[in-house]
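1. This is the structure alone, sequence omitted:
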């Protein structure tokens, strides 16, 4: 199915193939990317989990045009592209499943979440915050996730 056919409930969490987590607050963020993301197929294989636990895997990404207004296209910086995903529907996840997945990603890349000298204090606190959320959408809020538009 195509991105537009999926009935996403935002925010969406994106779990990359290298155990990173992207936050996608809306459809615009989901369907916009920078040149590196597109050139390196960084979203291919990414699992998308929406606020209700519905889950898809990105099997391919197609550039459909340039993103942004005419004014934003004249500004310095990398071009932004509008994209469409080919998605495969997977079985949904529970809140506990998503929390465990997020915590595993945080443990896999602790340097994304705190400084080396804070691993014994800050990381456990951040993991506890994720474990205490009441909804999947709260994870996006607690972690302040980025969608890497310019990437």
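-> Sure, I can see it. Since the model is a prediction, treat every value here as computed from it, not as a measurement.

2. centre of the chain versus the top strand by length along the chain, how much separation?
-> Assignment by DSSP state E gives strand 55-66 as the longest strand of the chain. Per C-alpha atoms, centre = their mean, to the nearest Å, the displacement of strand 55-66 from the mean C-alpha position of its chain is 13 Å.

3. Would you agree residue 108 is in contact with residue 19?
-> Yes: using C-beta atoms under 8 Å, residue 108 is in contact with residue 19, at 4.1 Å. In short, each C-beta sits where N, CA and C put it, glycine included.

4. Which strand or helix spans residue 14?
-> Here residue 14, judged by DSSP states H and E, is contained in strand 12-15.

5. Starting from that strand, tell me which strands it pairs with and how they run.
-> If you go by DSSP bridges, strand 12-15 pairs up with strand 21-24 (antiparallel), strand 47-49 (antiparallel).

6. Put together TSV for those, with mean pLDDT on each row.
-> Shown next, in TSV, are the strands paired with strand 12-15 (pLDDT from 0 to 100):
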stretch	mean pLDDT
strand 21-24	93
strand 47-49	98
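
7. Relative to residue 13, which of the ones you listed is closest?
-> Of all the strands paired with strand 12-15, strand 47-49 sits nearest to residue 13, with 4.8 Å by C-beta to C-beta.

8. Of all the residues in that closest one, which ones are buried?
-> Of the residues in strand 47-49, 47, 48, 49 count as buried by neighbour count, 16 or more other C-beta atoms under 10 Å.

9. Touching, the second one and residue 14? I think so.
-> Same thing as residue 48. Yes: between residue 48 and residue 14 a contact is recorded at 5.5 Å, counting by C-beta under 8 Å.
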